[in-house]
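**Q** pasting the sequence and the predicted coordinates here, then a few questions.
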Amino acid sequence: VNDLEAELYDLVRDVRTWVEWQASTGAQGLIVERDLRAAVAAQRAASLESDQGRPEPVVDAPAHRAAAPSFAQPTQAAPRAPEPRHAPRADAPASPHARGLLSSVSLGRAEREARLRAIAEVVSSCTKCPLAEHRTQTVFSRGDPMAELCFVGEGPGQNEDEQGEPFVGAAGQLLDTMIGAMGFGRDEVYVCNIVKCRPENNRTPTDAEMAACMPYITEQLELVQPKVIVALGATALRGLLGPGEGITKARGRWKLYRGSIPVMPTFHPSYVLRMGTKEVKGQVWNDLKQVLVQLGRKPPQRA
Ligand code: URA
Ligand code: SF4
C-alpha cells in the first residue's frame, strides 16, 4: 500500500508539473510530437557532446524531477521544453509529455473536460490548413470524455458545420442507431472526426489537411484513452493508421492505434446509407459485435 501511495503521489506531482509547465509556456497551440522528438534528440546530442568534455547543457527542471517515477522514459537528462510555434519561457520546466508521461496518466473527469475544452478553444480559431476558409465553425467532438468507446469519422458535413457537433445529419442518425443497437446511450460514447472543418462540397480531406489536423485528435485520444476506437470509413482509417489497406479489405480486422488502443475499422455510415444492402449492414453489425466482445459486453440480439 505504501508503494502504491508513493506512486500515486508521484503521479499527482507529475501531472501538476505538466499543467504548470503548460500554463507557464503561455502555450497558444498544441505540442506536436514531432517537435518533442526533435527536442529530445537535440538534448541527447547535447549531452553526448558534454560527455566529450563540453560544458553540461543547462537543464531547467525542478529538483523533484530527480525522483522521477519508474514509468518515466529513460532519458539521459530531462529534455528541454521544445521550441515550436510558441516559444516556452526560459524558466518553464521540461515537459513531462516529452518523457511519454501523458500516455501513462489517466486524468479524472474534470481535468479531462478542462483540457479538452482548452484544445477545442485552440481548434476554434485554427487556420493551419485551407479547410479553415470555408467553414462556418469548427466541429470538435460530442459525447463522454470518460467513454470506453470512441467513434472516429472523416470530417464535418453541412449539418455538422452548421450545428458545430459531429454526426448530427443523416449519417449521424444512423450512427446513433448503431450506438443504441450496441446497448450504449448516444452520449455514453465519444465521437470525433479526423478533420475539424468541413471540406467544401464534402470532398475527402487531403493528406496534408489530415496531417495538419492530426495533433488535435492525437491529444483528444490521449486524454479520453478509450478502450476501443471504431474507425468509420477509409479516411478515418487512413488518418489514424496511415496509408495502407482500403476500408473494404481492412474492415472487420483489429488494428492498433499507436501500439496501444485496439481499432476496429468498419464502413462509414454514409456508405451504409448509400449502399443500403443487407450484406453491408450485416458486415458493419459483425464489426460492432466484435467491438462489444472486446469491451467485455454481451452483444444484444439485433433488432
Ligand atoms: N460524416 C463524418 O465523417 N463526420 C461527421 O461528423 C458527419 C458526417
Ligand atoms: Fe485547423 Fe483542422 Fe480546421 Fe485545418 S481542419 S483549419 S488543421 S482545425
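**A** Now that the structure is in, tell me what you want to look at. Residues are numbered from 1 along each chain as shown. Ligands and ions are numbered 1, 2, ... in the order given.

**Q** from here on, contacts and neighbour counts on C-alpha atoms
**A** Fine.

**Q** immediately after the least confident helix or strand in the chain by mean pLDDT, which helix or strand?
**A** Ranked by mean pLDDT, DSSP states H and E, the weakest helix or strand in the chain is helix 33-51, scoring a mean of 52. Next helix or strand after helix 33-51 toward the C-terminus (DSSP states H and E): helix 109-124.

**Q** quick one: is that next one near ligand 2?
**A** Yes: using Cα under 6 Å from any ligand atom, helix 109-124 reaches ligand 2 at residue 123.

**Q** report the buried residues of that helix.
**A** For helix 109-124, the buried set under the neighbour-count rule, 16 or more other Cα atoms under 10 Å, comprises 112-113, 115-116, 119-120, 123-124.

**Q** that helix: what's the following helix or strand?
**A** Per DSSP H and E, helix 109-124 leads on to strand 141-143 as the next helix or strand towards the C-terminus.

**Q** sheet-wise, list the partners of that next one with their directions.
**A** If you go by DSSP bridges, strand 141-143 pairs up with strand 190-193 (antiparallel).

**Q** next, the angle helix 109-124 makes with the helix or strand just after the strand it pairs with.
**A** The element immediately downstream of strand 190-193 (helix or strand, assigned by DSSP H and E) is helix 207-224. For helix 207-224 against helix 109-124, the angle by axes from the mean of the first three to the mean of the last three Cα atoms, to 10 degrees is 160 degrees.

**Q** right, is helix 207-224 up against ligand 2?
**A** Yes: Helix 207-224 comes into contact with ligand 2 (Cα under 6 Å from any ligand atom), by way of 209, 212-213.

**Q** packing partners of that helix?
**A** When contacts are defined as 3 or more Cα pairs under 8 Å, 6 or more residues apart in numbering; DSSP states H and E, helix 207-224 packs onto helix 109-124, helix 233-241.

**Q** turn those into CSV, columns for mean pLDDT.
**A** Below are the helices and strands packed on helix 207-224 laid out as CSV (pLDDT from 0 to 100):
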stretch, mean pLDDT
helix 109-124, 97
helix 233-241, 98
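
**Q** and residue 151, which of these is closest to it?
**A** Ranking those by proximity to residue 151 (Cα to Cα) places helix 233-241 first, at 9.3 Å.

**Q** find the closest residue to ligand 1 in the stretch 1-150 of the chain.
**A** residue 139 (7.6 Å; Cα to the nearest ligand atom).

**Q** how far away is that residue from ligand 2?
**A** Applying Cα to the nearest ligand atom, to the nearest Å, one obtains 8 Å for the distance of residue 139 from ligand 2.

**Q** how close does that residue get to residue 165?
**A** Residue 139 is 5 Å from residue 165, where distance means Cα to Cα, to the nearest Å.

**Q** of those two, who's got more company?
**A** Higher neighbour count among residue 139 and residue 165: residue 139, with 27 against 22, using other Cα atoms under 10 Å.

**Q** the more buried one and residue 166 touch, don't they?
**A** Yes: using Cα atoms under 8 Å, residue 139 is in contact with residue 166, at 6.1 Å.

**Q** joint contacts of those two?
**A** Shared contacts of residue 139 and residue 166 (Cα atoms under 8 Å, 6 or more residues apart in numbering): 156, 160.

**Q** what's the closest of the helices and strands packed on helix 207-224 to residue 7?
**A** Closest approach to residue 7 among the helices and strands packed on helix 207-224 (Cα to Cα): helix 109-124, 19.3 Å.

**Q** which of the buried residues of helix 109-124 sits closest to ligand 2?
**A** Nearest to ligand 2, judged by Cα to the nearest ligand atom, of the buried residues of helix 109-124 is residue 123 at 5.0 Å.

**Q** residue numbers of the stretch 101-250 of the chain in contact with ligand 2?
**A** Neighbours of ligand 2 within the stretch 101-250 of the chain, by Cα under 6 Å from any ligand atom: 123, 126-129, 131-132, 195-197, 209, 212-213.

**Q** and the furthest pair within those residues?
**A** Counting by Cα to Cα, the most remote pair of these is 123 and 209, 13.7 Å apart.

**Q** just give me the neighbour total for the single nearest residue of the stretch 201-303 of the chain relative to ligand 2.
**A** Here the residue of the stretch 201-303 of the chain nearest ligand 2 is residue 213; by Cα to the nearest ligand atom that distance is 3.7 Å. By other Cα under 10 Å, 23 other residues sit near residue 213.

**Q** dump the residue contacts of it.
**A** Per Cα under 8 Å, 6+ apart, neighbours of residue 213: 128-129, 194-196.

**Q** ok, residue 3 - how many residues close by?
**A** Counted with other Cα under 10 Å, residues neighbouring residue 3 total 8.

**Q** so it: helix, strand or coil?
**A** In three-state terms, and counting by DSSP: H, G, I helix; E, B strand; the rest coil, residue 3 is helix.
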